[in-house]
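Student: predicted structure and sequence below. I'll ask about it afterward.
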Protein chains: 2
Amino acid sequence: MSIKKPQILKGFRDLLPEEALAKKNLINVLVGEFELFGFTPIETPHIEYTELLIEESQGEIEKQLYRFEDNGGRDVLLRFDLTVPLARYVVQNQNDLVFPFKRYAVGNVFRAEKPQFGRFREFTQCDIDFIGTDSLLAEAEVLQIIASALKALNISDFKVRINNRKLMNAISATYNFSDKIQDVLRTVDKIDKIGRDKVVEELVALSISKDQVDKILAFLDVGRGSPKEIVAKLKELEIESDDFKSAIDELSELASYLEANSKNFEYDVSIARGLGYYTGIVYETNLDNLPELGSVCSGGRYDNLTQNFSKQKMSGVGASFGLDRLITGLIKLGDLKLKKSTAKVMCAQVSSDTASDILNVAAKLREKCIPIEVYPQFSKLKKQIQYAEKKEIPFMVIIGEDEKEKGVITLKDLEGREQFECKDVEELIQKLNL
Amino acid sequence: MSIKKPQILKGFRDLLPEEALAKKNLINVLVGEFELFGFTPIETPHIEYTELLIEESQGEIEKQLYRFEDNGGRDVLLRFDLTVPLARYVVQNQNDLVFPFKRYAVGNVFRAEKPQFGRFREFTQCDIDFIGTDSLLAEAEVLQIIASALKALNISDFKVRINNRKLMNAISATYNFSDKIQDVLRTVDKIDKIGRDKVVEELVALSISKDQVDKILAFLDVGRGSPKEIVAKLKELEIESDDFKSAIDELSELASYLEANSKNFEYDVSIARGLGYYTGIVYETNLDNLPELGSVCSGGRYDNLTQNFSKQKMSGVGASFGLDRLITGLIKLGDLKLKKSTAKVMCAQVSSDTASDILNVAAKLREKCIPIEVYPQFSKLKKQIQYAEKKEIPFMVIIGEDEKEKGVITLKDLEGREQFECKDVEELIQKLNL
């Protein structure tokens, strides 16, 4: 048999134990918060009928798809997000779901994009969605989840920046540039990066008139601040539009729901969110000490999630957590250390005569929920210590012939390089818990 | 835009919230146990190069594969198990891993098998493997994990039935039917289902001689029992083979490591495990009260996991947990009730004047880790009660105009149909914790 060179596909990756462990722990914290808010998980297949996930003739997107014919001749697609499958799911399973429907989903999606640093062709999305209600209470809950989740990760210095898409929509309708609204939003979205002057330049390039640019700028100058402050400033703007006023009313109502965690919520009229399907409140989240990281959690309200599958309109509010960015952020902030082992103690194996004694000690420690590794071979103690040190396991327990004769257990503190003799497992547990 | 009928591919499935929640909780318990034993997770891609996952010209298997050409012209395959990718992974990442290497993996795999009741084309595998050691201490650890994990799921009546493949290998070598060993094992494996007589019939049909059949039957008559008992009976057999004796020695050594949880371990010489790659100790696990469920956890030792990728031999021991069977089993045993919500309390929304009051109550309860749903609309109370009842949320909290005036909070016990007036959140928490 010929030996094959082990390799993975371009743009894909393996996670080392320490990376996978950090990711798993992060997801557990997020999921714990989602469940504290009464969100439940769902699962959908990784493969679906292509025609249900994409519209015909989306030329550019086609190149990014993992699309193929299965053995039954079906045109199938690896999912590229969790949102389109969600739309299909809520319609198909509507009789078994309770509405308004709240779900979270953590799953891998596939996009054959050009590989770049930190971008992969398979990556994990972590989404929450609140479907089937028009009430701003849904936005309020989703925003509180974002704040609670980051706090549960020990991040307290962050801002969720909130806007209402309807503001700019109203301006564009009132001042006659609705046809260019997507381009304008895309330009405005970059104001943090390119600055006010560049934005003006680009708007002019879009054939936005001086008067229109002035209105946009006056609006953008409202800037960011506390919800009350921004609502007040928006009211002062002389935009002649009922839609604009009702968009302000929404922000005003939402502000009243955001009292808990209020220091983490900000209104920011420059937030646009690229995706076309958002129709109301939108938000993104930045860490105060790592603004360069970009948004770690974004989302907003969409008006008609299920339009491809049902005549019944279902609006919703969603948010998506950026797992990779959060891990990078936590490591940079010093709040996350990658760990190669979950174990606090390694039980050494020094002799077959004492093997069952050490296994019994391991069993008793595990009963007390102390994570234990048992070295699985009779090897030189030096080799076993090296193993424990490589895996950064802080303690080692030894029962050799000497210990067995004396009826004691040796506990080695591998970091402090101290050594204790414990008369029984109880004393050992006591020492470990100090 | 035309409305499309929502549907999923044949053999695939959606999980409803209550199903996905039960699965997630089950996985969390298992993973908790794996980590208590110092196993860490890894992740590998869902898609890999076809030639690395399968041998050329595996005709029959080909039909079961999700194999296609990606946009870069690569011949790729959706993984059909977690074991072949593990072999690729340990060789490719060996410089970053610490050996002996212990990992767990929970992930979906894809096989286009004929859909049957309870069998799906995408399903989740949950595997542990202990790689890079020949010592029976590895088997001992894996077997203890199985016992601990089932106990953590509140299952105490189960048997892990253990055998050594080398016993039958030695018999077949000694009595000259090595060439038929796979067929013999497959037949013997069915003894629970078809009985002793049928096994004899099938062995004869395989052209196994009367003398050979007698030897096999004498061996099978050792049956099952405590490790010590079976080792003693095996020693009494008159099989003229040094390999047979050394296989007994292994079982004898392993028995000495299995003292913890010993009532759950049994030796059973009829256990064969279908898969060709096991070479030593093998095991499967049955629930005493649900034998018809089949094995909920199986595995064994394989000699050379990495032979396709490296000349360096790496043996290992693995076990695979059957998640679907475990969920079915737990439901049948009454140890698992499917829950539609994680929430203990639903906060009703009765008036926009009290919305922020109720949101503050929700925030305070969540700070105490009490899972809360907030109803996201101002609707009739009856509708909100229906929602809570459908989701089996036991308590409801209400702050209406009356409550606000009196400065109290109403707590409704939806199951007991009682109602309490709490003077503050502290009293509410107290009542909820009773």
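Tutor: Happy to help now that I have it.

Student: got a list of what the closest residue to chain B within the stretch 251-400 of chain A touches?
Tutor: For the stretch 251-400 of chain A and chain B, the shortest gap (Cβ to the nearest Cβ) falls at A:Glu373, measuring 3.3 Å. From N, CA and C alone the C-beta is placed, and that goes for glycine too. When contacts are counted by Cβ atoms under 8 Å, 6 or more residues apart in numbering or on different chains, A:Glu373 touches A:Ser341, A:Ala343, A:Val345, A:Met346, A:Cys347, A:Ala388, A:Lys391, A:Ile393, B:Phe37, B:Gly38, B:Lys102.

Student: then A:Val361?
Tutor: A:Cys347, A:Val397, A:Ile399, A:Ile409, A:Val425, A:Leu428.

Student: mind pulling up the pLDDT for it?
Tutor: With respect to pLDDT, A:Val361 scores 96.

Student: assumed it was part of a strand.
Tutor: No - counting by DSSP: H, G, I helix; E, B strand; the rest coil, one finds A:Val361 to be helix, located in no strand.

Student: how much space separates it from B:Pro17?
Tutor: According to Cβ to Cβ, to the nearest Å, A:Val361 and B:Pro17 sit 42 Å apart.

Student: bridging residues for the closest residue to A:Leu21 other than its chain neighbours?
Tutor: With sequence-adjacent residues excluded and distances taken as Cβ to Cβ, 6 or more residues apart in numbering or on different chains, A:Leu21 is closest to B:Thr40, at 5.2 Å. Residues in a beta bridge with B:Thr40, per DSSP bridges, are B:Arg103.

Student: hang on, the earlier thing: from the contacts of A:Glu373, which ones fall inside strands?
Tutor: Members of the contacts of A:Glu373 lying in strands (criterion: DSSP state E): A:Val345, A:Met346, A:Cys347, B:Lys102.

Student: got a winner among the residues you listed for most neighbours?
Tutor: Counting neighbours by other Cβ atoms under 10 Å in any protein chain shown, B:Lys102 comes out on top of these with 30 neighbours.

Student: from memory that residue sits against B:Thr133, does it?
Tutor: No - contact criterion Cβ atoms under 8 Å: B:Lys102 and B:Thr133 do not qualify, at 9.7 Å.

Student: can you list the buried residues in stretch A:173-183?
Tutor: The neighbour-count check on stretch A:173-183 (16 or more other Cβ atoms under 10 Å in any protein chain shown) flags A:Thr174, A:Tyr175, A:Phe177, A:Lys180, A:Ile181, A:Asp183 as buried.

Student: give me every residue that touches the closest residue to A:Asp288 other than its chain neighbours.
Tutor: In space, and not counting its chain neighbours, A:Asp288 is closest to A:Asp157: 4.0 Å by Cβ to Cβ, 6+ apart. By Cβ under 8 Å, 6+ apart, the residues touching A:Asp157 are A:Leu287, A:Asp288, A:Asn289.

Student: test my guess that the residue nearest to A:Leu21 contacts A:Leu338.
Tutor: No - assessed by Cβ under 8 Å, B:Thr40 is found out of contact with A:Leu338, at 10.8 Å.

Student: neighbour-wise, which of the two wins?
Tutor: B:Thr40 (25 against 13).

Student: could you check how far the helix or strand containing A:Ser246 is from the centre of its chain?
Tutor: If you go by DSSP states H and E, A:Ser246 is part of helix A:242-257. Here helix A:242-257 is found 28 Å from its chain centre; the criterion is Cα atoms, centre = their mean, to the nearest Å.

Student: likewise stretch A:227-240?
Tutor: 32 Å.

Student: buried set for that stretch?
Tutor: Result for stretch A:227-240 [16+ other Cβ under 10 Å]: buried residues A:Pro227, A:Ile230, A:Val231, A:Lys233, A:Leu234, A:Leu237, A:Ile239.

Student: quick one: average pLDDT of the lengthiest helix in chain A?
Tutor: Counting residues, the longest helix in chain A under DSSP state H turns out to be helix A:17-36. Averaged over helix A:17-36, pLDDT sits at 97.
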